[in-house]
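1. Predicted model and sequence below, questions to follow.
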Amino acid sequence: MTTVTFDMLVKAIENSIMEEKGLCEEEVREIAQKVLDFFGFENTIIDNVLRPKERDLFYMLEGAGILKTQEEETKIPGGKAWRIHYWVLNMERIIELGKPKEEEDLEKKVSSIYEEMDDDVWKDHK
């Protein structure tokens, strides 16, 4: 299981919503710390622990793909359905957004090399 570090989460927030939401670096760091305080060493938390202001923050992070939601339904006595909502760290997206800029640039350069090659090059190698 991959662990989300503070620095990874900060970078993911910077690369996703910082400019769009007009956040400064200190605000990004506060958001990352708040998220990690809720999740601790887990990847999932129950929605009931959040207050409305925190839930709004989580919805914002869900919009960036950093968090996602899950729902579980169970039957309670009397036959009624009871829904339990969870928040989940989207590990793949956090890792993707948290990559150092140099690594991201290298990936783009490598993929652009292949895109620039003529179709004739590929015909000879089949």
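-> Everything's here; your move.

2. And the strands in the chain, which stretches?
-> Using DSSP state E, the strands of the chain run over 44-46, 67-75, 81-89.

3. and of those strands, who's closest to residue 16?
-> Checking the strands of the chain against residue 16 by C-beta to C-beta gives strand 67-75 as the closest, at 11.0 Å. Placement of C-beta: from N, CA and C, glycine included.

4. now the closest one and strand 81-89, what's the angle there?
-> 160 degrees (axes from the mean of the first three to the mean of the last three C-alpha atoms, to 10 degrees).

5. Contacts for strand 67-75, please.
-> When contacts are defined by C-beta atoms under 8 Å, 6 or more residues apart in numbering, strand 67-75 is touched by residues 35, 44, 47, 58, 61-62, 81-90.

6. What strands line up against it, and which way round?
-> According to DSSP bridges, strand 67-75 forms sheet pairs with strand 81-89 (antiparallel).

7. Distance from the chain centre to the partner strand, please.
-> The chain centre lies 18 Å from the centre of strand 81-89; the measure is C-alpha atoms, centre = their mean, to the nearest Å.

8. Please identify the buried residues of it?
-> The neighbour-count check on strand 81-89 (16 or more other C-beta atoms under 10 Å) flags 87, 89 as buried.

9. For it, report the contacting residues that lie outside it.
-> 4, 38-39, 43-48, 50, 58, 62, 66-76.

10. Residue 45 contacts residue 39, doesn't it?
-> Yes. Using C-beta atoms under 8 Å, residue 45 makes contact with residue 39 at a distance of 5.8 Å.

11. Residue 91 touches residue 43, doesn't it?
-> Yes. Judged on C-beta under 8 Å, residue 91 makes contact with residue 43 at a distance of 6.8 Å.
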